[in-house]
Structure formats: C-alpha cells, structure tokens
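Q: Provided below are the primary sequence and the corresponding predicted coordinates.
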Amino acid sequence: MCMVLFVALLLVSLTTQSLQQIQVGCNEDVRLICDACIQVPNFRSVAWYKIVDHDQIGIVRKVGNETQHYHFNRTADFGEDHSLLLPSVRPGDSGTYECAIGAKVGGKNRKSQVILTVPVCVTQAYLTTMTHTSPVSHVHMKELPVIWSVVGYVGVGLVKIALCFITIGVIQAIHSKSSRRNQQRWGR
C-alpha cells in the first residue's frame, strides 16, 4: 500500500508542470513570471521561448550577466526575477510562453510555461456634434469651352496615329534588313 501511494505521489509531482494562465487587456504591459526560477534559485542560464506549432521560438536568453536577444518579432526583455516583459501586448501575442532554466552541474534543468491570452482590441468611438460658426464658402468653378476639349482629344488622337505609323516603319525596316542578311548568308 505504501508503495502504491509513493508511486502515485511521484507521478503527480512529475506530471504537474508549472503552468500559469494570464489574461490581460489589449495594449497593456505584461510581466510573465518564470516559476522554474523559483524552483531552482541557483542556475547557470535562463531563456524565454514562445511555443508555436510545437516549436520553440527564441525570445531572450541570459547566461550570467550577459543577455542575448533572439530575432523575435516584437520587443521583449527580462524583468525582475528573470520574468519576461512584453510591452503593449496585442492579440497576436497570445499563446504559450516557456521559461527554461539551465541548472548548474549536478542540478536539474527546469521548464515552466505561461499561457497568455490577449482579447481583440476594441476602440471606443465617441460621437460628437459640430456646429458651424462661420458661413459655408461656395467654390466657384470655371468651365472650359467645349472647343478646348475637342481640340485636346483630336490632338491626342493624331499623336497616337503618328506613333503607330513610325512604329510600323521601324518594324518594316528591321524586317527587310534581316531578310536581306538572311539572303546574303544563304548565297541567293
């Protein structure tokens, strides 16, 4: 009986991994606490990752007093007690974050996870009424005579026709030159 109780307690302690769930509002600054740092107060390194499709995406890592920032898609840094600081969170920041502790020789490496939920950002729209104290100005537009429009369209049409004739002439000259070259090449 004691053996069964011991195995049950051992399984419970091994399967209960530290998992926090945090929900914050849009654009708030958030501090994710690393429970693994509390479990192992004396460690060699600490790193934060975001878990995306079962892959670890590196955010920031500290070995001793040296901090290394990974190429994460947003600003993040260490806070007090090796927590992760995420300023102005957005819904895209929602997900699972993992803190990994590298223990010193003889110690045991630890991990803890935090699930962050950021709801959709909603902006409040305020209705205001405006009163006009100055008279409304009327813009007077001057119309051009119809003849100017006709002359403009005819001019554009004539330029297009001239460009077509020039293009046809150039193509014919190139074609005749290449056909003469081919005739000379084959000795006709």
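A: On my side now, so go ahead. Worth saying up front: this structure is predicted, and the values here are computed from it rather than measured.

Q: Give the buried residues for the longest helix along the chain.
A: Taking DSSP state H as the criterion, the chain has its longest helix at helix 146-185. Within helix 146-185, no residue counts as buried by 16 or more other C-beta atoms under 10 Å. Placement of C-beta: from N, CA and C, glycine included.

Q: Quick one: mean pLDDT for that helix?
A: Taken as a whole, helix 146-185 carries a mean pLDDT of 88.

Q: go on, stretch 106-117?
A: Rounded mean pLDDT across stretch 106-117 is 90.

Q: send the alpha carbons of that stretch over as CSV?
A: C-alpha atoms of stretch 106-117 as CSV (Å, rounded to 0.1, in the frame of the first residue of the first chain):
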residue,chain,number,x,y,z
GLY,A,106,24.6,18.4,-10.6
GLY,A,107,21.3,20.2,-10.8
LYS,A,108,18.2,19.5,-12.8
ASN,A,109,17.1,21.7,-15.7
ARG,A,110,13.6,23.0,-15.3
LYS,A,111,10.9,24.5,-17.5
SER,A,112,7.7,26.4,-16.8
GLN,A,113,5.0,27.6,-19.1
VAL,A,114,2.7,30.6,-19.2
ILE,A,115,-0.4,30.8,-21.4
LEU,A,116,-1.0,34.4,-22.3
THR,A,117,-4.4,35.5,-23.7
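
Q: Mind listing what's buried along that stretch?
A: For stretch 106-117, the neighbour count (16+ other C-beta under 10 Å) marks 110-114, 116 as buried.

Q: Can you give me the pLDDT of the most centrally placed residue in the chain?
A: When C-alpha atoms, centre = their mean is applied to the chain, the residue found nearest the centroid is N73 (6.2 Å). Looking at N73, its pLDDT is 86.

Q: thinking again about what came up before, now, which of the buried residues of stretch 106-117 sits nearest K177?
A: For the buried residues of stretch 106-117, the minimum distance to K177 (C-beta to C-beta) is 72.3 Å, reached by L116.

Q: what's whichever strand or helix holds that closest one packed up against?
A: Using DSSP states H and E, L116 sits in strand 110-117. Here strand 110-117 touches strand 19-23, strand 30-32, helix 35-39, strand 95-103, going by 3 or more C-beta pairs under 8 Å, 6 or more residues apart in numbering; DSSP states H and E.

Q: Would you mind listing the outside residues contacting the first one?
A: Outside of strand 19-23, the residues that reach it under the criterion C-beta atoms under 8 Å, 6 or more residues apart in numbering are 30, 32-33, 35, 112-119.

Q: now the longest one
A: Strand 95-103 has contacts (C-beta under 8 Å, 6+ apart) with 32, 34-37, 39-40, 43-52, 56, 59, 63, 82, 84, 109-116.
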